[in-house]
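**Student:** Requesting a structural model of the entry that follows:
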Amino acid sequence: MTSIVDPGGGPGLIRSDSRGRVLIEPSQREALLDAFERGGQSAMAFCRQHGLKYSTFATWVQKRRRDQQEPEPVQHSFAEVVVDAPMEPSVQAAVAEPLRVTLADGTRIEVANRKHLAWVAELLRHLTSTRPC
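**Tutor:** Next up, the predicted model:
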């Protein structure tokens with residue numbers, strides 16, 4: 001059985017079922033949340049005034065806040081490196097340290113052979129592109 005309850009001057013009538021659960025349309029829920037945000041009452045007082053269970057109302061508030069938050073954008077930053085002249089073979093052989101690149105999210109790339117630099121640059125371009133794969 002469904003009954004109609006006037007929640008004390010709220011934004012319209014609120015229906016409840018035979019078990020006492022409040023049946024609220026999404027538009028009514030949004031209107032109640034808007035009224036709560038505009039008012040200066042505590043959530044508990046607001047729930048008492050409007051005939052709502054505090055736990056249900058708290059879930060609505062949390063869901064709304066979570067839905068309104070925008071995810072933080074991932075920012076990548078790179079430094080441009082310019083090599084003026086190719087290394088002589090004797091100097092190239094003496095350099096034992098590989099090139100290491102660490103991205104902001106912790107991804108690490110290590111390049112031991114200069115022949116692979118073009119491939120790594122292409123990989124980094126794809127990793128940082130905004131379009132999906």
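**Student:** need the helices for the chain, in chain order.
**Tutor:** Assigned helices in the chain, in chain order: 26-38, 43-50, 54-68, 89-94, 117-128 (criterion: DSSP state H).
**Student:** Which of these has the lowest mean pLDDT?
**Tutor:** Across the helices of the chain, helix 89-94 has the smallest mean pLDDT, namely a mean of 59.
**Student:** distance of residue 18 from residue 46?
**Tutor:** 25 Å (CB to CB, to the nearest Å). The C-beta positions use only the backbone N, C-alpha and C, and glycine is treated the same way.
**Student:** Who has more neighbours out of these two?
**Tutor:** More neighbours surround residue 46 than the other of residue 18 and residue 46, with 20 against 8 (other CB atoms under 10 Å).
**Student:** Wait, the more buried one touches residue 37, no?
**Tutor:** No - Residue 46 is beyond contact range of residue 37, at 10.1 Å (criterion: CB atoms under 8 Å).
**Student:** thinking again about what came up before, I'd like to know which of the helices of the chain lies nearest to residue 82.
**Tutor:** Smallest distance to residue 82 across the helices of the chain (CB to CB): 13.1 Å, for helix 117-128.
**Student:** from the chain's centre, how far out does the closest one sit?
**Tutor:** 26 Å (CA atoms, centre = their mean, to the nearest Å).
**Student:** Put the alpha carbons of that helix into CSV.
**Tutor:** This file holds the C-alpha atoms of helix 117-128, laid out as CSV (Å, rounded to 0.1, in the frame of the first residue of the first chain):
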residue,chain,number,x,y,z
LEU,A,117,65.3,6.2,-29.3
ALA,A,118,62.9,6.9,-32.2
TRP,A,119,60.8,3.9,-31.1
VAL,A,120,60.8,5.2,-27.4
ALA,A,121,59.8,8.7,-28.6
GLU,A,122,56.8,7.2,-30.5
LEU,A,123,55.8,5.1,-27.5
LEU,A,124,55.9,8.2,-25.3
ARG,A,125,53.7,10.1,-27.8
HIS,A,126,51.1,7.4,-27.7
LEU,A,127,51.2,7.2,-23.9
THR,A,128,50.6,10.9,-23.5
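**Student:** Need the contact partners of it.
**Tutor:** The contact list for helix 117-128 (CB atoms under 8 Å, 6 or more residues apart in numbering) reads 76, 78, 99, 101, 103, 107, 109, 111, 133.
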